[in-house]
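Student: I would like to see how this sequence folds:
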Amino acid sequence: MSSIITNKYFKLILVSILAILIAVVLGKNIVFIIDFPTLIFLFVGTALLTLIGYKKGMSKEKIFDIIKRNCIITGFVGFFIGFLMALCTTDTLEDLPTNIAISMLIVPYTFFYFLQ
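Tutor: Numbers count the residues shown, from 1 in each chain. Okay, here's the model as predicted:
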């Protein structure tokens with residue numbers, strides 16, 4: 001019998017509750033935390049890294065472990081590249097915190113994707 005914390009349905013419910021709480025707190029401002037290019041980068045980067053290491057006959061559990069590891073790698077790379085871009089391309093010092101915050105959006109996306 002598996003522990004409730006490792007149960008995939010428990011994780012799905014937990015992530016759903018967290019997403020609903022974020023939506024309630026942000027209200028109409030939730031559109032500011034949805035960044036489609038970042039989401040696409042995360043999904044495509046994870047998929048490409050997973051396809052590179054895929055071998056025929058791998059078990060589902062091994063594939064899911066590889067996907068989770070590659071999700072974290074992609075999130076770290078995305079954050080690092082976004083942070084460097086924010087530092088290098090920001091025109092005024094007043095815009096720098098906003099651009100850094102935008103580059104950090106990949107961190108919660110990685111967290112949600114990792115838990116699935």
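Student: C-alpha only now, for contacts and for neighbours.
Tutor: Will do.
Student: what about the closest residue in space to Phe76 that isn't next to it in sequence, helix or strand, and which?
Tutor: Leaving aside its chain neighbours, Phe76 sits nearest to Val107 (7.8 Å; criterion: C-alpha to C-alpha, 6 or more residues apart in numbering). Taking DSSP states H and E as the definition, one finds Val107 inside helix 106-115.
Student: Over to Lys55?
Tutor: Using DSSP H and E, no helix or strand contains Lys55.
Student: Please apply the same query to Pro97.
Tutor: Pro97 is part of helix 96-103, with elements assigned from DSSP H and E.
Student: how about that helix: buried residues?
Tutor: Leu96, Asn99, Ile100, Ile102, Ser103 (16 or more other C-alpha atoms under 10 Å).
Student: Out of those, which is nearest to Ala47?
Tutor: Ser103 (20.7 Å; C-alpha to C-alpha).
Student: Just list the residues touching that closest one, thanks.
Tutor: Gly78, Phe79, Gly82, Phe83, Ala86 (C-alpha atoms under 8 Å, 6 or more residues apart in numbering).
Student: what packs against the longest helix that the chain contains?
Tutor: The residue-count maximum for a helix in the chain (DSSP state H) belongs to helix 60-89. Secondary structure elements in contact with helix 60-89, counted by 3 or more C-alpha pairs under 8 Å, 6 or more residues apart in numbering; DSSP states H and E, are helix 36-53, helix 96-103, helix 106-115.
Student: can you list the domains in the protein?
Tutor: Using automatic domain parsing, the domains assigned to the chain come out as 1-33, 35-115.
Student: for the last one, what is the average pLDDT?
Tutor: Regarding domain 35-115, the rounded mean pLDDT is 82.
Student: how much distance is there from that domain to the middle of the chain?
Tutor: 6 Å (C-alpha atoms, centre = their mean, to the nearest Å).
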